[in-house]
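Novice: sequence unknown, structure follows:
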């Protein structure tokens, strides 16, 4: 694996963490939204990640002996977004305009503490990948300056 592959790997990871941050922000923005029915209530959404696998081959197209033809991770992709299957919260507020016939309102299943932890984790992961890109760029520049 060459030094240029670091940019692809880190770029895919930064894209994945951007999706994660956007979903977390959406969850936090809707954490206090109210609905009159359980079916219409906002549900927390989370990304599903998968590794991008590459089988590294030599110039003749044969699997390298170094990796024994095994697949090696070469990035991350977002497979999709899933809604949380945790139950929504029902709160008894009979005077609320959106209360159902029994006096309950439906609140999202968003756990604010968990979402804040996800936001911190995604932010730090993004920052780490920015550092990988910057370090790779510096190494490439130093390698190019060896020819001077």
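Specialist: That came in fine, so what should we check first? If you're wondering where the values come from, they're calculated on a predicted model, not measured in any experiment.

Novice: Got the confidence number for residue 9?
Specialist: pLDDT for residue 9: 89.

Novice: Correct me if wrong: it contacts residue 51.
Specialist: No: the pair residue 9 and residue 51 fails to qualify as a contact (CB atoms under 8 Å) at a distance of 10.2 Å. Heads up, the C-betas are built off the backbone N, CA and C, glycines and all.

Novice: same for the longest helix seen in the chain, what does it pack against?
Specialist: Among the elements of the chain assigned as helix by DSSP state H, the one spanning the most residues is helix 112-145. Secondary-structure packing of helix 112-145 (3 or more CB pairs under 8 Å, 6 or more residues apart in numbering; DSSP states H and E): helix 5-29.

Novice: In contact with the most centrally placed residue in the chain, which residues are there?
Specialist: Among the residues of the chain, the one closest to the centroid is residue 20, at 3.3 Å (CA atoms, centre = their mean). If you count contacts by CB atoms under 8 Å, 6 or more residues apart in numbering, residue 20 has them with 47, 118, 122.

Novice: Check residue 35 too.
Specialist: 41-42, 98, 105-107.

Novice: Mind checking which of those are buried?
Specialist: Among those, those classed as buried by 16 or more other CB atoms under 10 Å are 41-42, 105-107.

Novice: so can I have TSV of those showing distance to residue 76?
Specialist: Rendered in TSV, the data for the buried ones among the contacts of residue 35 read as follows (distance: CB to CB, whole Å):
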residue	distance to residue 76
41	31
42	27
105	38
106	34
107	33
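
Novice: For the chain, which residues score under the pLDDT cut-off?
Specialist: Applying pLDDT under 70 to the chain flags the ranges 1-3, 54-73.

Novice: how about it, which residue sits the furthest from its center?
Specialist: Of all residues in the chain (CA atoms, centre = their mean), residue 148 lies farthest out, 42.1 Å.
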